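> everything below, folded, please.
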Amino acid sequence: MFRLIAAVVLITLSAAASGAQTAAPCPEAALSLDDTFRIDLTPFACTLADGTYALTLQDVAAPDAAARFRPVEGALVDFGFGKDRYWVRLRLRNQTGTDGIWWLTHDIPVAQSLDVYLLPGGYPAASASRLLSLVAADTFDARPIAYRHLVSKVPLAAGEAASVFITFHTNQATEMPLFIETVPNFLRRAQNEAGQILALTALILGMGLISTVYLYGLDGKRAFAYGGYMLSSVVLLIHMEGYAFQFLWPGAPGFNHIALAMLSMVSIALGIHFVSQITGTKKHSRWLHWLATAAIVFLLGLALLSVPLISTQAYKNATLFAAGAGTVLQVALAAAAVRRRMPGAVFLVIGFGALTASFLFGIFGYVTEGLFAQERVGLALRLGFLTEAIAFSTAIALRIMAARRERDRYLNDQLRFSEERLHLSEALRRAEDDRQRAAAAMQRSKDVLATAAHDIRQPLVTLRMALSDKELDKLGLNNSLDYLDEILRSGLEDSAKPLGTGESDPPQVGEQEEFCLDIVLKNVEAMFKAEAARQNTDLRVVLSSQTVFVDPLSGMRCVGNLVSNALQHARAQRVLVGCRRCGSGLTIEVHDDGLGMSQEECKRLLERGAKGPRSNGSGLGLAIVSELAEQSGIRFDLASAQENGTVARLVFAGASFEAPEPQQQNKDKDRKMS
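Presented below is the predicted three-dimensional model:
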């Protein structure tokens, strides 16, 4: 009988031991009260997924439920974007001989509900104490320990063993870091972390503000773009560190649940806007500008849709894709500026590249379950933001230095231009002094000419008085004296205004009027008939009754100079003066059969002072004809050939003459003299 009882007891103890082993598939974590004690509980955690949301603490704490828990396979508790309700079980033991309190960190910042229970070893579930209970609508004040992460206080008596059950569900990421530590170590670590994060955030914000101020002096629009981007980045960093819900919006848990997606999309959109502004994408690449604009609109649209769609898997996938693609686009825009050799563009690539790498690292951590702790993601993001802030400050500094160099070049150019203007003004002043002296000298010359004209006129008057009109006509001097008298009047006496006044530069011709060409032709014949006879030159003047509209004196001077030139310098045997019809105009031509000259010589002799090789004149005759013709609207042509004589033509436009009979038009062409 005794042996039977012993066997039953042995079987029972074996079954109990076997049941205890089944109920505890995960190792037990031994706790210490050292001030520096802190361990990661992930290797000691077992998890259970409840897709029905029906399991209670009594169900999961029952001995037969232990077999349903599975050890954590990765580096941390992470179920991806799972929709189930999850249970986490931890077995703890106070291995010291003193009662102690430990703080358990189990951060799941956007849980819809979270409960933490402490069940002493060997006690039923009914004896469990609730350490923490939160729902999505709770404000930050509902936390028993005011800390940026969720923390539960775990008291254990000396040598006591207990189990901690954590149950939660969430519409977002399920990753849960788990570690436990003594209170002194927790406070010391929290203080150090807060100091480091505060210093880093202040450094990033300070560099951003300083760079914004400096950039504002260069370009206000780009400064506001950069300031908005840096401010959104700092707010995103504070939220990801867990401080935003504690200090910025502690009474808005609903916004805190969607803030990560919304702030990420807004920050990336502002980053694209900033890099597009500072690199001048719109000016240099239209397709990149449209791509950046479309990305900004898409990101801001996702930010607005976070309110109704934050719990859907499609929205989560879209935000992860948009975050990765948006940060890559920032790098691409900066790289395009590097190709354009924009100052500081290389540092823009470094800054956006560092932030893009940290974002992609975080996205990879979200889509892979339990690969690495999110604390590493937070560290990567902090380093990314810090690298970006330093790189951007350097890029903006280089941009400002380039702008200053450009400004200095501009100022030097302006200074050089001012000096040139000063020199020019001095030269103009000297030129004005010279002009005034020249005008004074010209006035003196005109006075001398007027005096000379007066002195010349006296013997002309005396000559007219000494000879009768019949004697003057007989000698052929009457017309010559009239012509000389008119030259004195128009050329010497009437030119009273000094040069440089704008009123007699160049000298004005007389008033135009309609007159008969016979007047000019008869005067020319009378003036040069005697001289031609002395030279044995046959001078023939064909008279014409046609009329022209021109200054009579200018016409007379032109024809007279041409005839005089032919008689004095051409060495001609015959000189013919006559008219031809030319379209609607009229041409006076002077032909001679003299020595002639080349076309190059013709062009040269139209310049003042230019004389032929056999001439002993003043070199002014043909030049005067050319100038008078141009001033009077007369076209002057000169044609000549060596040993074949010269033809000078004066073409008067708008001449008046009777039209010939139709049957005579073919006969009366340009070669027929009027």
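> contacts, neighbours, all on C-alpha from now
Noted.
> check the burial of Tyr410 by counting its neighbours.
12 (other CA atoms under 10 Å).
> helices or strands up against the one helix or strand it maps to?
Taking DSSP states H and E as the criterion, Tyr410 maps to helix 374-466. With contacts taken as 3 or more CA pairs under 8 Å, 6 or more residues apart in numbering; DSSP states H and E, helix 374-466 sits against helix 183-218, helix 220-241, helix 345-367.
> rank those by pLDDT, which is bottom?
Ranked by mean pLDDT, the helices and strands packed on helix 374-466 bottom out at helix 345-367, which scores a mean of 77.
> just how off-centre is it within its chain?
27 Å (CA atoms, centre = their mean, to the nearest Å).
> was I right to think Leu605 contacts Val625?
No: under the criterion of CA atoms under 8 Å, Leu605 is not in contact with Val625, lying 11.1 Å apart.
> low-confidence stretches in the stretch 551-674 of the chain?
Counting by pLDDT under 70, the stretch 551-674 of the chain contains low-confidence ranges at 609-620, 654-674.
> show me what the strand or helix carrying Ile588 pairs with in its sheet, parallel or antiparallel.
Per DSSP H and E, Ile588 falls inside strand 585-592. Here strand 585-592 has these sheet partners by DSSP bridges: strand 574-582 (antiparallel), strand 646-652 (antiparallel).
> of those, which stretch is the most buried?
strand 646-652 (a mean of 22; mean count of other CA atoms under 10 Å).
> what residues does it touch?
The contact list for strand 646-652, computed with CA atoms under 8 Å, 6 or more residues apart in numbering, reads 548-550, 562, 582, 585-594, 596-597, 629, 633-640.
> turn the strands paired with strand 585-592 into TSV, columns for distance to Gln443.
Shown next, in TSV, are the strands paired with strand 585-592 (distance: least, CA to CA, whole Å):
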stretch	distance to Gln443
strand 574-582	39
strand 646-652	33
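> between these, which gets nearest to Phe417?
Closest approach to Phe417 among the strands paired with strand 585-592 (CA to CA): strand 646-652, 50.1 Å.
> and the closest one, how far out from the chain's middle?
63 Å.
> residue ranges with poor pLDDT in the stretch 1-150 of the chain?
Residue ranges of the stretch 1-150 of the chain with pLDDT under 70: 1-25.
> please enumerate the helices of it.
For the stretch 1-150 of the chain, applying DSSP state H, counting those that start in this stretch gives helices covering 2-23, 57-61.
> ok so, going back, can you mark which positions in the strand holding Ile588 are buried?
By neighbour count on 16 or more other CA atoms under 10 Å, the buried set for strand 585-592 is 586-592.
> for the helix or strand that that strand is followed by, buried residues please.
For strand 585-592, the following helix or strand on the C-terminal side (DSSP H and E) is helix 599-604. If you call a residue buried by 16+ other CA under 10 Å, then helix 599-604 has these buried ones: 602, 604.
> now do stretch 268-280
268-280.
> what does stretch 254-264 give?
For stretch 254-264, burial by neighbour count (16+ other CA under 10 Å) applies to 256-264.
> how far is it from where the chain is centred?
Mean-position distance between stretch 254-264 and its chain equals 35 Å (CA atoms, centre = their mean).
> now that stretch: average pLDDT?
On average, stretch 254-264 scores 90.
> my guess is Asp59 contacts Ala65. True?
Yes: counting by CA under 8 Å, Asp59 touches Ala65, with 6.7 Å between them.
> low-confidence ranges, the stretch 251-400 of the chain, go.
365-378.
> just to revisit the earlier point, so which of the buried residues of stretch 254-264 sit within helices?
256-264 (DSSP state H).
> which residue packs closest to Leu299, ignoring adjacent ones?
Ranked by CA to CA, 6 or more residues apart in numbering and with sequence neighbours excluded, the top spatial neighbour of Leu299 is Met265, at 5.2 Å.
> that neighbour: neighbour count?
With other CA under 10 Å as criterion, Met265 counts 28.
> show me the contacts for it.
299-300, 302-303, 319, 322-323.
> ok, 7 Å please
Shown in contact with Met265 (CA atoms under 7 Å, 6 or more residues apart in numbering): 299-300, 302-303, 323.
> now do Ser32
Per CA under 7 Å, 6+ apart, neighbours of Ser32: 94-96.
> what do you get if the cut-off is 10 Å, keeping everything else the same?
For Ser32, the contacting residues are 38-39, 93-98, 100-102, 181-182, by CA atoms under 10 Å, 6 or more residues apart in numbering.
> equivalent analysis for Ile390, please.
Counting by CA under 10 Å, 6+ apart, Ile390 makes contact with 203-204, 207-208, 211, 347-348, 350-351, 384, 396.
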